[in-house]
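Enquirer: With the sequence up front, the predicted model follows.
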Amino acid sequence: MSRSGRVTVEPRSPLARDRRERMAVAALVIAGLIPLVWPGDVPFINDEPQLIASAVKANREGRLASVGLLGTYGFSYGPAPTWVYQALTPITRDLVGIATLHILLMSVATAGAICWLGQSLRLWMWFAPVPLLSPYYWFYARVLWDNPFLLPLGALALAGYAAFLASDSSAGLRVSVAAMLTVPLVHLMGISLVAPLAAHMIIFRPRALWAHRYSLGAIALAALWLAWPYWTYLAGPRPAVPSAGPAIAGWLFPLFAGRLLSARELDYFYGPGPVGGRVFGITAAISSIGYALVWCGIVVAIALMVRALRHREWTARTHVAAISVGSLLCQAVVHGITAKFEHPHYHNGTWISSVMLAWFAVDFLATGPKAARWAAISATAALAASLLLAVGTLALRLHRSQGTRDTYGPTLANQQQVARALARYPPDTDVQVHVAMWERFPHTLAILRELNARPRAMLARRTIELRYATQDPASGAIEMVVR
């Protein structure tokens, strides 16, 4: 206490602050590695086998894939995800091994981008691990699908640009532009993030773009050359996408992006079984904090923008806040006009914007008075604990049941085990299939047999039945029975 009677607050030690930040980064690394637990338990139905098969075929023909998966409405998505699997399949043909490499790639890229964002914008780093604890991120980081690649690419695009805004990092600008050009080669829904990023660069940083015109031009030319067949496909005529017309729910859809920071409505992936029970219900309810943080973050971001306009002082954080809000507005226009908003992966293109908005809300509290700091700590801890409990419960239940009989299907490891056993019999073997997901998507079994075919001595031709291993309807485990 000073002579005047006022309480003096000792400044925080820089060493202590650095130590806390290192601990937060360590927690981020651990959170990023959680999806690597039991990689053989990932789903493998319909789209995933087609992606792997396309990569193997393109490698066999000595070319880069020109298009990706065919979408629901007759529109082909970009080839970038297939390129990733073209790089992974020569390393190993074991599907669980490919899944492990895929998860590692997703985790390193996403966690690295989030760490980069937090340090560039000097945000409260203890929130950084939270988005990677989400069951939605856990699912998307593991599944061998195309759309989830939007998560790391969007994060890298924003992180690189944030680093450039904060410190004139030329490497950050190049990473951002490269990621932005790759996003449409995954899925066009990522344009909701790319559009405000590109607009911001052109309006606020045209001199920087010109100063780096040679390196950025080289990146653009590389993207144009590698994906020329797909760019020409986009420029040509395509099937008309049916639309129900503008919908209010579509315009409001971005406001519910907090779903991907929660453990709610997970029966979309798993059915009611793996996410059932009172404890899981309470956990999911607590995780609704994710919604509140995104909503509060929108208010904080708008307040930062208003203050910047008044004082004409724009910081890197304020610019990123504007881009994040702008991406949600773009998303609202897209989903409002097309009336397509029924799936959670429609949030993946702007996922990083929702993460940033939630982070802004927490950081606002964490840098405030003592009561506000405790609110930030409590909200972060409660959300992190609920998400971690949900992910742990899901992982354990799916591992025990070896998947489900609903949308998720049998686990990849279980399917590959059966396919390898089946590969020991001649191709014309009489195979009777009594597995719901293989009956619905017969190409999955055909691709599994192709991927697991090995030159070996064949057993005698027999009648084979592929069926569920138990009578338990909660179990997705399958087996092969020789008649």
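Expert: Structure's in. What do you need?
Enquirer: and Asn90, what does it touch?
Expert: Careful, residue 90 is Pro and not Asn. Contact analysis of Pro90 by CB atoms under 8 Å, 6 or more residues apart in numbering lists Asn59. C-beta coordinates here come from the backbone N, C-alpha and C atoms, glycine included.
Enquirer: Report the distance from the helix or strand harbouring Leu51 to the chain centre.
Expert: Following DSSP states H and E, one finds Leu51 within helix 47-60. Relative to the chain's own centre, helix 47-60 is displaced by 21 Å; criterion: CA atoms, centre = their mean, to the nearest Å.
Enquirer: pLDDT weak spots in the protein?
Expert: For the chain, applying pLDDT under 70 flags the ranges 1-15, 239-246, 457.
Enquirer: Strands of that one, residue ranges please.
Expert: Secondary structure of the chain, counting by DSSP state E: strands at 430-434, 463-468, 478-482.
Enquirer: on that earlier part again, alpha carbons of the helix holding Leu51, as PDB, please.
Expert: The C-alpha trace of helix 47-60 is given here as PDB (Å, rounded to 0.1, in the frame of the first residue of the first chain):
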ATOM      1  CA  ASP A  47     -17.600 -41.100 -49.800                       C
ATOM      2  CA  GLU A  48     -14.500 -42.100 -47.900                       C
ATOM      3  CA  PRO A  49     -13.900 -45.300 -49.900                       C
ATOM      4  CA  GLN A  50     -14.500 -43.400 -53.200                       C
ATOM      5  CA  LEU A  51     -11.900 -40.800 -52.300                       C
ATOM      6  CA  ILE A  52      -9.200 -43.400 -51.500                       C
ATOM      7  CA  ALA A  53     -10.100 -45.400 -54.600                       C
ATOM      8  CA  SER A  54      -9.900 -42.300 -56.700                       C
ATOM      9  CA  ALA A  55      -6.500 -41.500 -55.300                       C
ATOM     10  CA  VAL A  56      -5.200 -45.000 -55.900                       C
ATOM     11  CA  LYS A  57      -6.500 -44.900 -59.500                       C
ATOM     12  CA  ALA A  58      -5.000 -41.500 -60.300                       C
ATOM     13  CA  ASN A  59      -1.600 -42.700 -58.900                       C
ATOM     14  CA  ARG A  60      -1.800 -45.800 -61.000                       C
END
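Enquirer: now the strands of the chain in JSON lines, with mean neighbour count and distance to Trp374?
Expert: Conversion of those to JSON lines gives the following (neighbours: other CB atoms under 10 Å; distance: least, CB to CB, whole Å):
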{"stretch": "strand 430-434", "mean neighbour count": "13", "distance to Trp374": "57"}
{"stretch": "strand 463-468", "mean neighbour count": "16", "distance to Trp374": "51"}
{"stretch": "strand 478-482", "mean neighbour count": "17", "distance to Trp374": "50"}
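Enquirer: Other residues contacting stretch 390-398?
Expert: 34, 37-38, 41, 133-135, 138, 263, 266, 270, 273-275, 279-280, 283-284, 287, 404, 408, 411.
Enquirer: ok, now with 6 Å
Expert: Asp41, Pro135, Trp138, Ala263, Pro274, Phe280, Thr283 (CB atoms under 6 Å, 6 or more residues apart in numbering).
Enquirer: And stretch 29-39, by the same measure?
Expert: The contact list for stretch 29-39, computed with CB under 6 Å, 6+ apart, reads 96, 99-100, 103, 107, 111, 129, 132-133, 138, 141-142, 399.
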